[in-house]
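S.K.: Here is the input, now give the coordinates:
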Amino acid sequence: MKIDPVTFEVDASGGTRPVYVWEAPIRVWHWLMAVAMFAMIITGYLIGRPLVSNLGDTWITYDFGYVRMVHFAAGLFFTALFIYRLFWVAVGNRYARMIFFPPLLSMKWWKGVFAQVAYYLFMRKSAPEYAGHNPLAQLAMFAMFVLGSFVIIITGLALYAQSWGWDTSWMAWFGWVFVLFGDAQAVRTVHHVMMYVFILFSIAHIYMSFREDVMGGATTLSSMSTGLRMFKEDHHG
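M.R.: Numbers count the residues shown, from 1 in each chain. Down below sits the predicted model:
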């Protein structure tokens, strides 16, 4: 079995073997990040569209304050996880770097992206197998998750700094974000829009993972528990 060093496409014509793709720190990070994203999305939506107004004294009806507290905590946890993931890019195996450094200059990789699109749209019966993420998933995770995480983190930290005031250390660290985007409302709008990007990303990620297992016979779901990917023999796109 051969694995392409650029696209990670698997040539299983010579037999197959389990491949240890996802190291334990990556698997733990994946599930913790899923929890953080879920908490951020739920509380972020409630901040944008509160269910009810506080009818009474604030020390009695502090529900919205709790929502904001959970959102801030989840956001800071998400930021810490993202920084940790950047560290593992440097010390992990080659699969740990996939979503951060997609081979955008490789025509074979782009061909794989369009092949996966056709496969997910039921326009072709099969697609090549890959160790780690397939090219479409790699592109989606880079564009929507990696770049999206950077945007939502800097805008979120800027809004958190704003709640402390302009004369604080938080604003000294992140006040430049308001200058970059123009004003506070633009930062708030971008941050809120990124929530919907994360929702779309999560739906697509779950769909692709389940479809790979059910339709393609891959072990995408179990690989995030065991770290191992299994492949079928003589599987060609």
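
S.K.: for the chain, longest helix please?
M.R.: helix 184-216 (DSSP state H).

S.K.: looking just at contacts, which helices and strands does it meet?
M.R.: helix 24-48, helix 107-120, helix 135-140, helix 147-164, helix 176-181, helix 220-226 (3 or more CB pairs under 8 Å, 6 or more residues apart in numbering; DSSP states H and E). All C-beta atoms are positioned from the backbone trio N, CA, C, and that covers glycine.

S.K.: Next, the angle helix 24-48 makes with the helix or strand just after the first one.
M.R.: Toward the C-terminus, helix 24-48 is succeeded by helix 63-91 as the next helix or strand (DSSP states H and E). Relative orientation of helix 63-91 versus helix 24-48 (axes from the mean of the first three to the mean of the last three CA atoms, to 10 degrees): 150 degrees.

S.K.: What average pLDDT does helix 63-91 get?
M.R.: Averaging pLDDT along helix 63-91 gives 94.

S.K.: again with stretch 112-121
M.R.: Taken as a whole, stretch 112-121 has an average pLDDT of 91.

S.K.: list the buried ones in it?
M.R.: The neighbour-count check on stretch 112-121 (16 or more other CB atoms under 10 Å) flags Gly112, Val113, Ala115, Gln116, Tyr119, Tyr120 as buried.

S.K.: Check the residues you listed and tell me the two furthest apart.
M.R.: Gly112 and Tyr120 (12.5 Å; CB to CB).

S.K.: list residues touching both of those two?
M.R.: Both Gly112 and Tyr120 are in contact with Leu136, where contact means CB atoms under 8 Å, 6 or more residues apart in numbering.

S.K.: roughly how far apart are the closest residue to Gly165 other than its chain neighbours and Ala127?
M.R.: Spatial nearest neighbour of Gly165, excluding adjacent residues (CB to CB, 6 or more residues apart in numbering): Met171 at 6.7 Å. Going from Met171 to Ala127 by CB to CB, to the nearest Å gives 49 Å.

S.K.: With Thr189 instead?
M.R.: Thr189 sits 37 Å away from Ala127, going by CB to CB.

S.K.: The two - which one has more neighbours?
M.R.: Ala127 (23 against 13; other CB atoms under 10 Å).

S.K.: Name the SS class of the more buried one, please.
M.R.: Secondary structure for Ala127, judged by DSSP: H, G, I helix; E, B strand; the rest coil, is coil.

S.K.: residues touching His71, list them.
M.R.: His71 neighbours (CB under 8 Å, 6+ apart): Ala39, Met40, Thr43, Gly44, Ile47.

S.K.: picking up where we left off before, which of the helices and strands packed on helix 184-216 has the lowest average pLDDT?
M.R.: Per-stretch mean pLDDT for these is lowest at helix 220-226 (a mean of 74).

S.K.: Run me through the strand neighbours of whatever helix or strand comes next after it, direction for each.
M.R.: The helix or strand immediately downstream of helix 220-226 is strand 228-229, counting by DSSP H and E. Applying DSSP bridges, strand 228-229 is found paired with strand 19-20 (antiparallel).
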